[in-house]
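Asker: sequence unavailable; structure follows:
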């Protein structure tokens, strides 16, 4: 049933990005027992011809193992298929040209409820959806059902496999690998922690910052700064090979292409002479599928390695549901002792709604930050750097953090610089700051902003007010991060006292916010209503 | 590029549900110009063999029209392909057996930037990603570029197609259909309104309600009530054929299967003797793809017909982003004069998080209501019926409403009945109500609930308090709907006066809410902080 989902249907195309020689190999086995709870599945009812052509088209070498056919030993068939797949994988990995590799995949057909009762009270059970839930639910009161249940359970010859005094027999014991490290659950890549996790080497932020001595001077875009910094992250960690960049919307389009000075895009299908920044070994994963990118990132980070995911802001919401499910995993994994450190999931939300003049309404939606601010009470930091220098400091925090979900919202257009690196560090540590260079003593009103374009607007608004009312006393406040429970970051949430100190006890506040009003209302509620 | 998305990859399987004889036919044309902004597309780099097998596997009869091949007239090729497709569709529609119909689809390969400049300054333009954005961007200052631009634009022989005095020539005029109604934009199905929209005939709610004279008596589940009611909706509108049910998670599993007394599930692939509730003509669309269901529903509702979409609550968030995009369409369409009435998008969120004991954490997430409450300020009503009777009244409202997005959150387990149909109507009209039968005069505390399981908990809590503190004075308040801007519905939002009257000016309120705390905080903010 789950193979019917769109994200799964799209995921088969990931063979176009994964390099069988470098990236390791997954052998996909599509197990078709034909039914869901009450109906056939789409793949279960497809003919063998349809299955073979579909997966050939996706670029695989498919093979069907049909355990429902009379006269074949399904266990032999499956063993042969696995051996074939293993040989084929080895052959491809050893080949000198792995362009468009036709990797093996197996379609395994079995009967639903295989080896269970074939029929109960005239209804087909084995090989039908009725095997899905409780079969023989009346066995407690119906002697006929009890008899069938008895025969069914005895058919597994449990007494041959287990003995009350000696435990499991050789048949079971022989399956367990002798060497502990060969057991699936003992793979260090499944656990995180010191065996596989190593912190990224990060460049000095100062080396990539721009001069902000005169606040308001136009600088390069936040994304240009980020691109230069991330290129250096790739260089510094080239030997460790533990950093990837996920990019559903094209790295060029998001102005992060300086990354291609240090690496390229992974691509296993044919490459033409005129193609740029494509190679079998690129560490940037580009495909117009947010679902694929999210899936890749989750898998990669879970093995202890680092990733950054950049997207048009409006489109990251496509994977809001996947991020929620990952957050549930984080919740549980923090309570599991043997699970070691893993890096955070890191998102850059750029090409933001407020500068989508050319693409328009379809590309406008600051919804993803809701998704992560609203639900994961102690996982998520959302950064709103006011300029390129603050962006760099935020990236440093994100790439150093572990077991979190971080998002950074910043534009790709040329914008004013406001803060030096020193001030940027102060602000990011605190989460919010009074901008002294634009503030008066004893203010009549507080003008606050959260987000780069809102900051620019607020600074312009202050300028207009000052022009027309030179005596107006204004305090300028800038907010650079939010968590579910307040202003600031998980490390340092502003408490009521700090909140009151910055926003004053009694002055009106004009708050210019990047996202939906409801997002900030839900956070302000804690300060405004329930401050105890 | 967009063909790389998961939802698109999954959508090709919709041929398993669409009946070519009854449902009309879409001829898919996959146009491959090979490139995105800066890189090849996945489908563009797939070989013809891969494309042909892939779409054969999906169950289509694919045909490639390759306009990049030397020596063929691409216009002839395309005309022939369209004629072939048209004939094949007619043949399938006329056939006596349409099981697993191999409907035509066309893959059209062209050069990106076809007919534009082949090369500029040594860079390949036509047939490369460089044709994506502004070609010859220096034409204003560079005479060489200006010359190429001039040649390029002249190559279209615009003067043969348009004349300053006589306007467009016959070549253009002949393309327009003589009959106005044959023009694509004149299809009534593209406009909604009286030509295609007719209100559903709805059953009397009273005929499906259960006796609630003694509040707290256990009744059948809200979903059982909904199933019986929706079955009758199918019966009453059988002739109009204007109602569909979308069900990614199986109608049986959500306890809505009484619907199958009136219709069945649509299924065009082989049907076995033992299959139940499957037929070529079923009006229930079941596939484990929320994206497919959402896409089908949008298309269907836009033609003026009605739909209901039921899902496990936790999984509807999968299409949160699609619902947002639809809401943007609603925003615009309300301002377009010629767009007629269309029904609302209607969702049932059941198998809710709080009763997912057996599936566990993976199936828990009340996030979808955030998605629609937070963003669409004047579109969305979210209903939280306290029992099966209230559920029926809500369904009546939802199916009668137009141009909205409605969600109903209710469980599938056996639960207490609280309100008669009369009281249910009162409550749904008001959005919230003091439950007199469980309240005291001059209360010390208000105990409020929103949601069916929260209501049960609150009623139990009142019972416990009353047992231990018989003199405690409690007011019981029940909230049955929320909108972004307040308690109630878009028709009737509770104002501050009503809010204060119900919740009192000064008594503590214990609010038991179905969703995330932040959701209710953002709504309460308006009453608690900014009540002016």
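Answerer: Structure's in. What do you need? None of the values given here were measured: they were computed from a predicted structure.

Asker: so how far is the helix or strand of chain A with the lowest mean pLDDT off the chain centroid?
Answerer: Using mean pLDDT, DSSP states H and E, the weakest-scoring helix or strand in chain A turns out to be helix A:170-173, at a mean of 81. Centre-to-centre, helix A:170-173 and its host chain are 40 Å apart (C-alpha atoms, centre = their mean, to the nearest Å).

Asker: for the helix or strand following it, give the mean pLDDT please.
Answerer: Scanning forward in sequence from helix A:170-173 by DSSP states H and E, the next helix or strand is strand A:218-219. Across strand A:218-219, the average pLDDT comes to 94.

Asker: partners of strand A:218-219 in the sheet?
Answerer: strand A:415-416 (antiparallel) (DSSP bridges).

Asker: tell me how far the strand it pairs with is from the chain's mean position?
Answerer: Using C-alpha atoms, centre = their mean, the offset of strand A:415-416 from its chain centre is 30 Å.

Asker: which elements pack onto the helix or strand that that strand is followed by?
Answerer: Of the helices and strands lying after strand A:415-416 in sequence (DSSP H and E), the nearest is helix A:421-430. If you count contacts as 3 or more C-beta pairs under 8 Å, 6 or more residues apart in numbering or on different chains; DSSP states H and E, helix A:421-430 packs onto helix A:388-400, strand A:432-434. (Glycine included, C-beta is placed from N, CA and C.)

Asker: pick the most buried one from these.
Answerer: Of all the helices and strands packed on helix A:421-430, helix A:388-400 has the most neighbours on average by mean count of other C-beta atoms under 10 Å in any protein chain shown, namely a mean of 26.

Asker: present the helices and strands packed on helix A:421-430 as JSON lines; the columns should include mean pLDDT and distance to chain B.
Answerer: Listed next are the helices and strands packed on helix A:421-430 as JSON lines, based on pLDDT from 0 to 100; distance: least, C-beta to the nearest C-beta, whole Å:
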{"stretch": "helix A:388-400", "mean pLDDT": "98", "distance to chain B": "22"}
{"stretch": "strand A:432-434", "mean pLDDT": "97", "distance to chain B": "19"}
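
Asker: can I get these in JSON lines including distance to residue B:496?
Answerer: What follows is the helices and strands packed on helix A:421-430, written out as JSON lines (distance: least, C-beta to C-beta, whole Å):
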{"stretch": "helix A:388-400", "distance to residue B:496": "40"}
{"stretch": "strand A:432-434", "distance to residue B:496": "30"}
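
Asker: quick check: which of the ones you listed is nearest to residue B:268?
Answerer: Taking C-beta to C-beta, helix A:388-400 is the member of these nearest to residue B:268, at 48.5 Å.

Asker: returning to what we had before: neighbouring contacts of the least confident helix or strand of chain A?
Answerer: Contact partners of helix A:170-173, identified using C-beta atoms under 8 Å, 6 or more residues apart in numbering or on different chains, comprise A:160, A:161, A:162.

Asker: can we see that at 6 Å?
Answerer: Contact with helix A:170-173 is made by residue A:161, as judged by C-beta atoms under 6 Å, 6 or more residues apart in numbering or on different chains.

Asker: which positions within that helix qualify as buried?
Answerer: For helix A:170-173, the buried set under the neighbour-count rule, 16 or more other C-beta atoms under 10 Å in any protein chain shown, is empty.

Asker: same check on stretch A:484-496?
Answerer: Neighbour-count burial for stretch A:484-496 [16+ other C-beta under 10 Å]: A:484, A:486, A:487, A:488, A:489, A:490, A:492, A:493, A:494.

Asker: secondary structure of residue A:93: a helix, I assume?
Answerer: Yes. Per DSSP: H, G, I helix; E, B strand; the rest coil, residue A:93 lies within a helix segment.

Asker: next, give me the two most distant ones among the buried residues of stretch A:484-496.
Answerer: The widest separation within these (C-beta to C-beta) is 14.4 Å, between A:484 and A:492.

Asker: before we move on, back to that, could you find the lowest-pLDDT member of the buried residues of stretch A:484-496?
Answerer: Among the buried residues of stretch A:484-496, pLDDT bottoms out at residue A:484, giving 84.

Asker: so how far is residue B:518 from that residue?
Answerer: 7 Å (C-beta to C-beta, to the nearest Å).

Asker: confidence score at residue A:62?
Answerer: Taking residue A:62 on its own, its pLDDT is 98.

Asker: so it: helix, strand or coil?
Answerer: Applying three-state DSSP: residue A:62 is strand.

Asker: so it touches residue A:52, yeah?
Answerer: Yes. Using C-beta atoms under 6 Å, residue A:62 makes contact with residue A:52 at a distance of 5.5 Å.

Asker: just for the stretch 101-250 of chain A, where's the confidence low?
Answerer: Applying pLDDT under 70 to the stretch 101-250 of chain A flags no residue at all.

Asker: just want the residue of it that's nearest chain B.
Answerer: Closest contact between the stretch 101-250 of chain A and chain B, by C-beta to the nearest C-beta, is at residue A:124 (4.6 Å).

Asker: what pairs with that residue across the strands?
Answerer: Under DSSP bridges, the beta-bridge partners of residue A:124 are residue A:119.

Asker: tally up the residues packed near it, please.
Answerer: 17 (other C-beta atoms under 10 Å in any protein chain shown).

Asker: over to residue A:62?
Answerer: 21.

Asker: got it, and residue A:130?
Answerer: So residue A:130, with other C-beta under 10 Å, has 22 neighbours.
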